[in-house]
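Colleague: Sequence plus the predicted model coming up.
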Amino acid sequence: MLCRLLSIALLPLLAGCAGLQAPAERGTSAILPEEIQAKLQPGESDLAPDLYFVSDAANGRSFDKVMIDPIIYFSPLEEMRTISPEDRQTLLNNFHILMGRQLGKDFLLAIEPQRGTVRVQFALLPETREEVAMDTVAMVARQDPEKEIVIDTLASPLAKGADLLVEALWTDAVTGEVLGAMVDRHFGQGGFDGPSFRSWADVNRYLEAYAVLIRYRLCSYRKGAHCAAPPAPLG
């Protein structure tokens with residue numbers, strides 16, 4: 001596998017369509033530190049995050065490996081869950097596997113901190129102003145992106161209107177320095193249509209589209225010669 005270098009200095013291009021509220025009116029965050037939340041800015045292009053931040057520490061840095069932390073689902077403390085425990089677990093597992101498959105096409109998938117590694121933590125949560133707490137954690141090994149995903153025809157866990165935010169925090173895996181952060185609504189898609197998700201196959205298509213989008217963003221930031229543009233927005 002040919003591993004290309006990710007130029008974190010290009011992270012400002014992560015700026016996306018300004019679909020979220022302005023930072024002063026933002027809702028609850030699950031994993032972004034308060035000082036990072038205060039610096040989030042709305043973006044300017046259709047294929048990038050709704051909100052983003054890039055640190056000065058990212059300037060001039062390059063990485064050929066990525067370490068994906070187990071993806072976490074956060075729930076409001078005082079609100080009824082809209083997704084069952086079993087479906088939350090499957091959702092996270094599938095998301096983690098699909099993200100690893102996409103990023104593994106361009107980067108070595110690291111299983112521990114080492115030089116040249118960018119670490120990313122993803123969190124899923126409903127858009128809310130209520131306090132949230134960690135609810136479910138993906139149960140997949142970092143080194144096993146080929147693990148099978150659930151693809152049967154069981155009813156979709158998103159069909160009842162579970163429109164989720166995706167937060168991502170990018171850090172240097174060795175030093176822990178924050179390099180950047182992003183927030184996406186609708187998994188980076190143009191909207192959310194709950195009734196259209198009738199099975200896990202539909203959910204996986206949604207999750208994979210987001211993983212393809214993340215891969216495309218990284219390729220574009222490092223000015224790759226063969227960046228494959230994602231398909232038209234889903235949902």
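Modeller: Great, that's in hand. Numbers count the residues shown, from 1 in each chain.

Colleague: which residues of this structure score low on pLDDT?
Modeller: 1-26, 80, 141-148, 150-162, 232-235 (pLDDT under 70).

Colleague: Show me where it has its helices.
Modeller: With helices called from DSSP state H, the chain shows them at 34-37, 85-103, 200-221.

Colleague: Now do the first one: distance to the chain's middle.
Modeller: Right, the one you point to is helix 34-37. Offset of helix 34-37 from its chain centre (Cα atoms, centre = their mean, to the nearest Å): 18 Å.

Colleague: Kindly format the C-alpha coordinates of it as PDB.
Modeller: Output in PDB follows, covering the C-alpha atoms of helix 34-37 (Å, rounded to 0.1, in the frame of the first residue of the first chain):
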ATOM      1  CA  GLU A  34     -14.200  24.500  25.600                       C
ATOM      2  CA  GLU A  35     -11.300  26.500  24.200                       C
ATOM      3  CA  ILE A  36     -11.600  24.600  20.900                       C
ATOM      4  CA  GLN A  37     -15.300  25.100  20.800                       C
END
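
Colleague: tell me which residues of that helix are tucked away?
Modeller: By neighbour count on 16 or more other Cβ atoms under 10 Å, the buried set for helix 34-37 is Ile36, Gln37. Heads up, the C-betas are built off the backbone N, CA and C, glycines and all.

Colleague: and if you look at stretch 77-90?
Modeller: Buried residues in stretch 77-90, defined by neighbour count with 16+ other Cβ under 10 Å: Thr82, Ile83, Asp87, Arg88, Gln89, Thr90.

Colleague: With stretch 50-70 instead?
Modeller: Buried residues in stretch 50-70, counting neighbours by 16+ other Cβ under 10 Å, are found at 50-55, 58, 61, 63-70.

Colleague: Just the ones of those in strands?
Modeller: Within the buried residues of stretch 50-70, residues falling in strands by DSSP state E are Leu51, Tyr52, Phe53, Val54, Phe63, Lys65, Val66, Met67, Ile68.

Colleague: so where do the strands sit in this protein?
Modeller: Per DSSP E, the chain carries strands over the ranges 6-7, 41-42, 51-54, 62-63, 65-68, 72-76, 108-109, 117-126, 132-137, 164-172, 178-185.

Colleague: Mind checking the ones you listed for the one nearest to Ile149?
Modeller: Ile149 sits nearest to strand 65-68 of all those, at 15.1 Å, using Cβ to Cβ.

Colleague: just checking, what packs against the closest one?
Modeller: helix 85-103, strand 108-109, strand 117-126 (3 or more Cβ pairs under 8 Å, 6 or more residues apart in numbering; DSSP states H and E).

Colleague: okay, the ones you listed in CSV with distance to Thr28 next?
Modeller: Output for these, formatted as CSV (distance: least, Cβ to Cβ, whole Å):
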stretch, distance to Thr28
helix 85-103, 18
strand 108-109, 30
strand 117-126, 7
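
Colleague: nearest to Ala138, of the ones you listed?
Modeller: Smallest distance to Ala138 across those (Cβ to Cβ): 3.9 Å, for helix 85-103.

Colleague: Run through who's touching that closest one.
Modeller: Helix 85-103 is contacted from outside by 66, 68, 70-73, 81, 83, 109, 122, 124, 135-140, 142, 144-147, 149-150, 157, 200, 203-204, 207-208, 210-212, 214-215, 218, using Cβ atoms under 8 Å, 6 or more residues apart in numbering.

Colleague: Alright, calling it a day.
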